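Peer 1: Got a predicted model here, sequence first, then my questions.
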Amino acid sequence: MALELLIAGVAVSLFFAFWNGFTDAANAIATIVATRTLAPYQAVGLSAFGNFLGLYFGGAVAETIWRGLIQENLVFAGLVIAAILGGLVWDVITWYFGLPVSETHVLIGSLVGAGLFAGGLAAVQFGSVVRKVILPMIYSPFLAFGFAFLFTALIIALFRRYPATRINKQFRRMQMVSSFVFSFSHGAQDGQKVVGIILGILAFEGLYAGGQPVPFWIILGVQIALSFGTLLGGWRIVKTMALKITKLRAYQGFSAETGGALILLATASVGFPVSTTHAINMAIMGTGATQRLSAVRWGVARRIVWAWILTLPASIVFAYLVMAAFGFFGIR
């Protein structure tokens, strides 16, 4: 039974990576598609390569997911499966009502909820959750907004005497770099979260010890699942991100990607698992706000705030209930 649960736990974790790609990872290519710098399938290829390299960078994020949320001796396969299934319940509910959610917050809330059932309040590392999750969750999107706003304003000031067509031509080339860097930061954040839960399962079973190199099959499996999900499900999200928030030009896409990537890489380097969705959303709003405030559809921002408020507690509740059902049937 233990082997079957171990295999199921790894499989469900990889499915979560696929689901992340299906719902979230298209954020990494939305701006470069919106500015018509790359065709969609070219953008997916660039994003996949950036994500793959980023998976080697964000080891601190994996460590936080594995050891910084709940006691590591509770990260067993049954708990991970219950957490992801509980999170998927919330995902389906929010999908039905059209509420945008961050898979990062879903995963964190679900792990905490399942941990609460498995070990009570003592199972949760509340100090770490507040310092590494709650506070960065609040300030990181606004920093992304601010950086994107400043980058865009600086570009406008420096190039105001040049024809717009010439500026956009140059920034299309630069956006190739900024889009790659944002994809790299996405891998360092969202990809490493899945790496962290797989490492936790293996460590619980005595198959992995901290300080060892991450097995290549984990990196490869997460990368394939993440990229495949992006390929199959990302285009509706690209349309929403690229067209429904604000109209983007190449220099704005560059500013949004650069601002978002700076925040994601900075937080990944210190092990803070933040939302890539919220970072790029707010960065796009920041670059759009340099034109005029009405250029941004602020209704999107209100929905994101509601997602911040609801997702963590709802994920905790649903994962707790699924874990309770697992306990009733003796699944561990």
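Peer 2: Arrived safely. Numbers count the residues shown, from 1 in each chain.

Peer 1: In this structure T267 contacts M137, no?
Peer 2: No: judged on CB atoms under 8 Å, T267 makes no contact with M137 at a distance of 10.0 Å. Every residue, glycine included, has its C-beta placed from N, CA and C.

Peer 1: ok, the two, which is more surrounded?
Peer 2: T267 (25 against 21; other CB atoms under 10 Å).

Peer 1: which one is the more buried one nearest to, not counting chain neighbours?
Peer 2: Leaving aside its sequence neighbours, T267 sits nearest to V274 (CB to CB, 6 or more residues apart in numbering; 4.8 Å).

Peer 1: Likewise for A43?
Peer 2: Nearest to A43 is I29, by CB to CB, 6+ apart, at 3.9 Å.

Peer 1: Identify the residues contacting the one you found.
Peer 2: 38, 40, 43-44, 46-47, 179, 183, 230, 234, 238 (CB atoms under 8 Å, 6 or more residues apart in numbering).

Peer 1: tell me which of those residues is nearest to G327?
Peer 2: For those, the minimum distance to G327 (CB to CB) is 35.2 Å, reached by T230.

Peer 1: Around that closest one, how many other residues sit close by?
Peer 2: Neighbours around T230, by other CB under 10 Å: 30.

Peer 1: what about it, which helix or strand?
Peer 2: helix 216-233 (DSSP states H and E).

Peer 1: Can you give me the buried ones in that helix?
Peer 2: For helix 216-233, a neighbour-count test (16 or more other CB atoms under 10 Å) marks 218-219, 221-231, 233 as buried.

Peer 1: Take these and write them to a markdown table, including distance to L248 and pLDDT.
Peer 2: Listed next are those as a markdown table, based on distance: CB to CB, whole Å; pLDDT from 0 to 100:
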| residue | distance to L248 | pLDDT |
| --- | --- | --- |
| I218 | 35 | 93 |
| I219 | 32 | 89 |
| G221 | 33 | 93 |
| V222 | 29 | 92 |
| Q223 | 28 | 85 |
| I224 | 30 | 87 |
| A225 | 29 | 90 |
| L226 | 24 | 84 |
| S227 | 24 | 79 |
| F228 | 27 | 81 |
| G229 | 24 | 79 |
| T230 | 19 | 73 |
| L231 | 22 | 71 |
| G233 | 22 | 62 |
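
Peer 1: out of these, who's nearest T290?
Peer 2: Among those, and counting by CB to CB, the member closest to T290 is T230, at 28.9 Å.

Peer 1: any idea how far that closest one is from W66?
Peer 2: Taking CB to CB, to the nearest Å as the measure, T230 falls 24 Å from W66.

Peer 1: where exactly do the helices run in the stretch 201-332 of the chain?
Peer 2: 216-233, 235-239, 250-269, 276-288, 298-328 (DSSP state H, counting those that start in this stretch).

Peer 1: So what touches the first one?
Peer 2: Yep, that's helix 216-233 we're talking about. So helix 216-233 is contacted by 14-15, 17-23, 25-26, 28-29, 44, 47-48, 51-52, 55-56, 187, 190-191, 194-195, 198-199 (CB under 8 Å, 6+ apart).

Peer 1: Buried ones from those residues, can you make that a PyMOL selection?
Peer 2: Selection of buried members from those for PyMOL, criterion 16+ other CB under 10 Å:
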select buried, resi 14+15+17+18+19+20+21+22+23+25+26+28+29+44+47+48+51+52+55+187+190+191+194+195+198+199
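
Peer 1: Okay, and which of the contacts of helix 216-233 map to helices?
Peer 2: 14-15, 17-20, 28-29, 44, 47-48, 51-52, 194-195, 198-199 (DSSP state H).

Peer 1: Might you list the low-confidence residue ranges for the stretch 51-200 of the chain?
Peer 2: 58, 98-100, 164 (pLDDT under 70).

Peer 1: cool, the stretch 201-332 of the chain as well?
Peer 2: 233-247, 292-301, 304, 330-332.

Peer 1: OK, contacts around F145?
Peer 2: F145 neighbours (CB under 8 Å, 6+ apart): 259, 282-283, 285-286, 289.
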